[in-house]
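Participant: Can you look at this prediction? I've put the sequence above it.
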Amino acid sequence: MDSAAVEIDGSVMEGGGQILRVSAALSCITGSAIKITKIRAGRSTPGLRPQHLCGLQLVSDLCSGSLQGATIGSTDISLTPGKIRSGNHTADTQTAGSVCLLLQVCLPCALFSESSSQLCLKGGTNAEMAPQIDYTVKVFKPIMEKFGVHFDCDIRMRGYYPKGGGEVVVTVNPVKELQPVIMTERGNITKIYGRAFVAGVLPFKLAKDMSTAAVRTIRKEIKELYINIQPLQEKEKACGNGNGIIIIAESSTGCVFAGSALGKKGVYADKIGIEAAEMLLKNIRHNGCVDEFLQDQLIIFMALAKGTSRIRTGAVTLHTQTAIHIAEQLTQAKFTITKSEDELSSNINYIIECEGSGASNPHL
């Protein structure tokens, strides 16, 4: 079937692991074989890293596929998908590779199986360069429900850089098809809350310092809301040492945003708190309905949905543009992005519109 494989250039646009995740998931769902070349070609360590390899093996396992060229450092792989299998699947990055990125690649596939799936994902739960697991649960999950996607996330163990050791069990229910989503009115911010955590040997004072600094930063701009950022000491359910913070904002129309940051050696705790707060404020200012991190994660679902989705965003990220490029290559979905001047804020925002391909689950 290799002659009919769709060729994907892994070095285009954002040129990272995201191209692999979107391509592999869509290959699995549409049944088209793919060949990805020049994987992460521009990165300091080109080719597949352990977490990418782990994600590809998971998808191949989910779709009874045949995967060629999948070794660490490989820059070319091909995947020929078979039938999507429900049931139990396990993926272990064996590093602090993000379980949230593993979920990004396998969740869409599991939706198109015949019955519910249990995905046991092991690695980092609160890792750099990836959503924290709290983001997945508090921001990604409620918005997914608008598409008709339902999953449960049981955080059995938290894992941090560099050890990993985290474990999350995700239960996914299949869908017949995905509903299109319209999110164009942000409304007012009604609630701001979060968690500032320390784990392992790190002192609880760090959690309090992150929380206090974050609240102080947000207060300067948003005076009317009570802001509750809980300082927490992770006890039994944490592997290794780590600290970090995530702050969530909810709007009157059901939009959810976040700002987050993780502690690094030699960086003061209040600086981490301020970084997360500023990230949240930046994502509230543009008056869009999703933050910059959710933006690209929604593209694959918009592309698969039956009907037209419309989402108002801030500046369109390179990750989002890349996801659109891949989705249009592998499905019949058509995206358009229009700039919309907003009289309420001086900021410019955009409407991402998608005529979805209407993927249907053959097993239901």
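Facilitator: Happy to help now that I have it.
Participant: How many residues are close by residue 45?
Facilitator: By the criterion of other CB atoms under 10 Å, residue 45 has 9 neighbours. Using the backbone N, CA and C atoms, a C-beta is placed for each residue, glycine as well.
Participant: Would you agree residue 186 is in contact with residue 287?
Facilitator: Yes - counting by CB atoms under 8 Å, residue 186 does reach residue 287; the two are 5.4 Å apart.
Participant: Please, which helix or strand holds residue 88?
Facilitator: Assigned by DSSP states H and E, residue 88 belongs to strand 87-92.
Participant: what sits up against stretch 164-172?
Facilitator: With contacts defined as CB atoms under 8 Å, 6 or more residues apart in numbering, stretch 164-172 is touched by 93-97, 99, 103, 107, 110-111, 116-127, 133, 150-160, 239-240.
Participant: With just CA atoms, put it into CSV.
Facilitator: The C-alpha trace of stretch 164-172 is given here as CSV (Å, rounded to 0.1, in the frame of the first residue of the first chain):
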residue,chain,number,x,y,z
GLY,A,164,9.4,11.2,34.9
GLY,A,165,7.7,8.3,36.6
GLY,A,166,4.2,9.8,36.3
GLU,A,167,1.2,7.7,35.4
VAL,A,168,-2.2,8.8,34.1
VAL,A,169,-5.0,6.5,33.2
VAL,A,170,-7.4,7.9,30.6
THR,A,171,-10.7,6.3,29.8
VAL,A,172,-12.2,7.3,26.4
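Participant: Okay, now the unreliable bits of the protein?
Facilitator: 1-3, 342-345 (pLDDT under 70).
Participant: how is it carved up into domains?
Facilitator: 1-83, 86-175, 178-186+287-364, 189-284 (automatic domain parsing).
Participant: Can you measure across the longest one, start residue to end residue?
Facilitator: So that's domain 189-284. 8 Å (CA to CA, to the nearest Å).
Participant: returning to what we had before: show me which residues of the strand holding residue 88 are buried.
Facilitator: 89, 91-92 (16 or more other CB atoms under 10 Å).
Participant: Report the distance from it to the chain centre.
Facilitator: Centroid separation for strand 87-92 versus its chain: 19 Å, with CA atoms, centre = their mean, to the nearest Å.
Participant: roughly how far apart are residue 116 and residue 59?
Facilitator: According to CB to CB, to the nearest Å, residue 116 and residue 59 sit 18 Å apart.
Participant: Could you do residue 220 as well?
Facilitator: 45 Å.
Participant: higher neighbour count, those two?
Facilitator: residue 59 (28 against 9).
Participant: Would you confirm that the more buried one belongs to a helix?
Facilitator: Yes - secondary structure assignment places residue 59 in a helix (DSSP: H, G, I helix; E, B strand; the rest coil).
Participant: That one touches residue 26, doesn't it?
Facilitator: No - counting by CB under 8 Å, residue 59 does not reach residue 26; the two are 10.1 Å apart.
Participant: Leaving out sequence neighbours, find the closest residue to residue 51.
Facilitator: Sequence neighbours aside, residue 97 is the residue nearest to residue 51 in space, at 2.7 Å (criterion: CB to CB, 6 or more residues apart in numbering).
Participant: list the contacts for the one you found?
Facilitator: Counting by CB under 8 Å, 6+ apart, the residues that residue 97 touches are 49-51, 54, 123-124, 127, 164.
Participant: at 10 Å instead, please
Facilitator: 17, 49-55, 91, 121-124, 127, 130, 159, 161, 164, 166 (CB atoms under 10 Å, 6 or more residues apart in numbering).
Participant: swap in residue 194?
Facilitator: Contacts of residue 194 (CB under 10 Å, 6+ apart): 134, 138, 210-211, 214-215, 218, 227-230, 245-249, 258-260, 273, 276-277, 280.
Participant: Identify the nearest residue to it in space, disregarding sequence-adjacent positions?
Facilitator: residue 247 (3.6 Å).
Participant: Whatever helix or strand the one you found lives in pairs with which strands?
Facilitator: Using DSSP H and E, residue 247 sits in strand 242-251. As defined by DSSP bridges, the strand partners of strand 242-251 come to strand 189-199 (antiparallel), strand 256-262 (antiparallel).
Participant: For that strand, output the C-alpha coordinates as PDB.
Facilitator: C-alpha atoms of strand 242-251 as PDB (Å, rounded to 0.1, in the frame of the first residue of the first chain):
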ATOM      1  CA  GLY A 242       9.400  19.600  41.200                       C
ATOM      2  CA  ASN A 243       7.500  22.900  41.600                       C
ATOM      3  CA  GLY A 244       5.100  24.800  39.400                       C
ATOM      4  CA  ILE A 245       1.900  26.700  39.100                       C
ATOM      5  CA  ILE A 246      -1.200  26.700  36.900                       C
ATOM      6  CA  ILE A 247      -3.900  29.500  37.000                       C
ATOM      7  CA  ILE A 248      -7.200  29.000  35.300                       C
ATOM      8  CA  ALA A 249      -9.700  31.700  34.200                       C
ATOM      9  CA  GLU A 250     -13.300  31.000  33.300                       C
ATOM     10  CA  SER A 251     -15.700  33.200  31.400                       C
END
